[in-house]
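In: Sequence first, then the predicted structure:
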Amino acid sequence: MKNDKKNEIKNKNNIEVIVSIMKDNNGYVTSKEVSKLGIHRMYLNIMKEKGIIDKVGNGIYIDSNKMEDNYFVFDLELPNVVYSHMTALYFHGLSIKAPNDIYDITVPNNYFNYKIKNHNVFYVSKDIYELGLTEIETPMGNKVKVYDTERCICDIIKSRKRMDLEHVKYSIREYIKRKDKDLIRLSDYAKKMGIHDEVMNYMEVFYE
């Protein structure tokens, strides 16, 4: 525990401390965070009854004056889930397809949670699960787990039969225009995913 947070607890009551946590977290607080600071979770219920916070997920609360960020709450609830494919490309500004209520997500082969059943789930082996893993801000400014652009391009080429082909083409064209694209990294990822020739041949078509 950081010393400044310890001092904060000494000098403020528990509800004030929870409010300060929410200010640091863009309006969010979890029961896990509260417990780590030695504050009983009962105070979250008190704040909920007073209308200070709203419960938006399992152990996840938000300032009642804030709008809920569904992407962020989903990410907090399911730490093994990574936004991928078109959903991740949307966050990267490379897709015209807004995720709405159905997300493209990637999880390890042996993972299951009933909360993912209505989404487009891609199962991968452990050796490539963390390949290209990074974080990005949602449109509401909260950080969530996603794959980087090169991993996403590999993913949509590999899984293009499950994608809208026009959306796939759009994302690849936009990726090629990007000054920050890394074709060496793209090639490296494709090799590790066992789809190097497939990806390179597909990219060559769009460079012509």
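Out: Here it is on my side, so go on.
In: and stretch 28-39, which residues are buried?
Out: For stretch 28-39, a neighbour-count test (16 or more other CB atoms under 10 Å) marks Y28, V29, T30, S31, E33, V34, I39 as buried. Placement of C-beta: from N, CA and C, glycine included.
In: Among the residues you listed, which are located in helices?
Out: S31, E33, V34 (DSSP state H).
In: I figured the last one was touching N45, is that so?
Out: No - between V34 and N45 no contact is recorded; they are 11.0 Å apart, counting by CB atoms under 8 Å.
In: Please report the distance of the closest residue to V81 other than its chain neighbours from D63.
Out: Leaving aside its sequence neighbours, V81 sits nearest to I105 (CB to CB, 6 or more residues apart in numbering; 4.9 Å). Applying CB to CB, to the nearest Å, the value for I105 to D63 is 27 Å.
In: S20 now?
Out: Taking CB to CB as the measure, S20 falls 12 Å from D63.
In: Compare neighbour counts for I105 and D63 and give me the winner.
Out: Just comparing I105 and D63: by other CB atoms under 10 Å the higher neighbour count belongs to I105, 24 against 18.
In: which SSE is the more buried one in?
Out: Using DSSP states H and E, the element containing I105 is strand 104-108.
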